[in-house]
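Asks: Attaching a predicted model along with its sequence, questions to come.
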Amino acid sequence: MRSLVAIGLITLLPHAAVAQSIADPGSWTATPFISVSFGSDAGSLGLGAAVGYDFTANLGVEGEVSHLFDVAGDDSNVDRSVTGFHANVLYHFDVRRVTPYATVGLGFERDSVDVKNPDPLALYAPSSTEVVFNFGGGAKYRATDRLIARADLRRFEANDIAPDYWRLYAGLTFGWRR
């Protein structure tokens, strides 16, 4: 009888749902990624890499280098590439299996314009280096103990001539402890 009462009490007590973020406090990560940009003059394929450090299970920082190959689109006379350097803060939400995160960052981008056959009557935006603000979010999924699959969508806003655009990327994150 006592065991039936104990089982009944245990089943009636609320159980704490313990969700755990993928972020591992005190660990470093490296993420090579492939991306596509859209929402500016034209979309572009891109590549990049990020290195991050997680202070807590929720809070981390990340530095990244990225390159978009040609945001000018189908114009055969103009190539416009964008190379960016950004520092970001990430907040990981405590959710089971897949960890969503929000990010905000600041950096600078080099917008390089290469005109092959200039039209004397056309106006071309000059190359520039500008301060860029970014924000967005994504999700991480642990594939193995050291490998995390990651997808991210961010908005990049430049202060002047450089293009403003959305970037969607997918990457593989490798983690290690110090």
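Replies: Nice, thanks for sending it over.

Asks: What pairs with the strand or helix carrying T103, parallel or antiparallel?
Replies: Under the criterion of DSSP states H and E, T103 resides in strand 98-115. Using DSSP bridges, the strands paired with strand 98-115 in its sheet are strand 78-92 (antiparallel), strand 128-142 (antiparallel).

Asks: ok, and which of those has the densest surroundings?
Replies: Mean neighbour count (mean count of other CB atoms under 10 Å) peaks for strand 78-92 among the strands paired with strand 98-115, with a mean of 19. All C-beta spots, glycine's among them, are computed from the backbone N, C-alpha and C.

Asks: ok, the residue most central in space within the chain - contacts?
Replies: Closest to where the C-alpha atoms of the chain average out (CA atoms, centre = their mean) is D152, at 4.6 Å. Contacts for D152 (CB atoms under 8 Å, 6 or more residues apart in numbering) come out as F33, T103, G136, G137, G138, R167, L168, Y169, A170, G171.

Asks: Which one of the residues you listed sits in the busiest neighbourhood?
Replies: With neighbours defined as other CB atoms under 10 Å, the most crowded of those is R167; it has 25 neighbours.

Asks: Can you report phi and psi for I22?
Replies: phi -70, psi -30 (degrees, to the nearest 10).

Asks: Kindly state the pLDDT recorded for it?
Replies: I22 carries a pLDDT value of 84.

Asks: now it, nearest residue through space, not along the chain?
Replies: Nearest non-adjacent residue to I22, counting by CB to CB, 6 or more residues apart in numbering: T99, 4.1 Å away.
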